[in-house]
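Visitor: Build me a model:
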Amino acid sequence: MSASVPSPSSFVVQRNGEPVPAEALTPLAFAGHAHFTAMQVRGGRVRGLDLHLARLRFASQTLFGQALPDATVRAHLRAALAAGPADLSLTATVYSPAGEFTAVDAVPEVLIRTGPPSNGPAGPLTLAAIEHERFLPAVKHVGEGAKTQLLRQAVAQGFDDAAFLDRHGRLGEASIWNLGFWDGRAVVWPEAEILVGTTMGIVRRQLERLGVPQRSQVLRMADLPALAGAVVMNSWTPGVAVHRIGDVVLPPAPAFVELLHRAHEAEPLMSP
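Guide: Residues are numbered from 1 along each chain as shown. Below you'll find the model as predicted:
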């Protein structure tokens, strides 16, 4: 017998832990000054909860000059999880009720949306190499039309997605992904101005616990042929193999992908 699929009514959109009236969503639909974190929930629990909370605190301080207490955010997360199935995708967006184009201070609010769980694409993927630098790269903020446009550009060129090079030619990240590489014995993280993802943070600390060598290094396109594998990772998955970046073909490195998944699974699931 196949498993039942939760109906759309099982998932929620909540503001500050309560259902959102339609009229309250109207200004948010046109807003672009906010930040968010995305996570996969399994059995009502989350990996790297501390990293998600730290991300939201940092981004709120950066954008709004103040942050909600962790206890408040966790209460909103619990309310959303209580209203849905045990396995789901969750996005928590933090915004200022004062809106855009103003310097007025206001206590941030939290909008949470849940939906079906996801494990990401199977891969392997091909990535176009495109010059692009994100505004406030350390913040996972909304309103990044450039990333979608560059994704579309990459697909039009026959690729699956886009990897970004900065003005110095350094590889940093992909559209909605962190990049990770393998040199045959160590994990190599690109050294550039990037958003350090929560999954990346989980994998790095678990690799350290497992005693796997890892390092940060400036990587340019000319450095890729010497590497033994590459992946992308985000909240969906700790590793999808990358077959090619630009014109450079990379080995599949299944053992590298398996290592990243094993490291991710070693991270305990926690209840908000």
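Visitor: Residue 201 reaches residue 50, doesn't it?
Guide: No: using C-beta atoms under 8 Å, residue 201 is not in contact with residue 50, being 9.1 Å away. For glycine as for every other residue, the C-beta is placed from the backbone atoms N, C-alpha and C.
Visitor: residue contacts, residue 248?
Guide: By C-beta atoms under 8 Å, 6 or more residues apart in numbering, the residues touching residue 248 are 221, 224, 225.
Visitor: got these as a markdown table, with neighbour count columns?
Guide: Below are the contacts of residue 248 laid out as a markdown table (neighbours: other C-beta atoms under 10 Å):
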| residue | neighbour count |
| --- | --- |
| 221 | 16 |
| 224 | 20 |
| 225 | 9 |
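Visitor: Can you name the residues that contact residue 182?
Guide: Residue 182 sits in contact with 188, 227, 228, 229, 230, 231, 253, 256, where contact means C-beta under 8 Å, 6+ apart.
Visitor: how about 10 Å then?
Guide: Counting by C-beta atoms under 10 Å, 6 or more residues apart in numbering, residue 182 makes contact with 188, 214, 227-231, 250-251, 253, 255-257, 259-260.
Visitor: What about the residues you listed, which are in strands?
Guide: Using DSSP state E, the members of the contacts of residue 182 that fall in strands are 188, 214, 229, 230, 231.
Visitor: The fourth one bridge partners, please.
Guide: Beta-bridge partners of residue 230, counted by DSSP bridges, are residue 181.
Visitor: I'd say it and residue 223 touch.
Guide: No: with contact defined as C-beta atoms under 10 Å, residue 230 does not reach residue 223; the gap is 11.3 Å.
Visitor: Counting neighbours around each, name which of residue 201 and residue 50 comes out higher.
Guide: Under the criterion of other C-beta atoms under 10 Å, the comparison of residue 201 against residue 50 puts residue 201 first, with 18 against 13.
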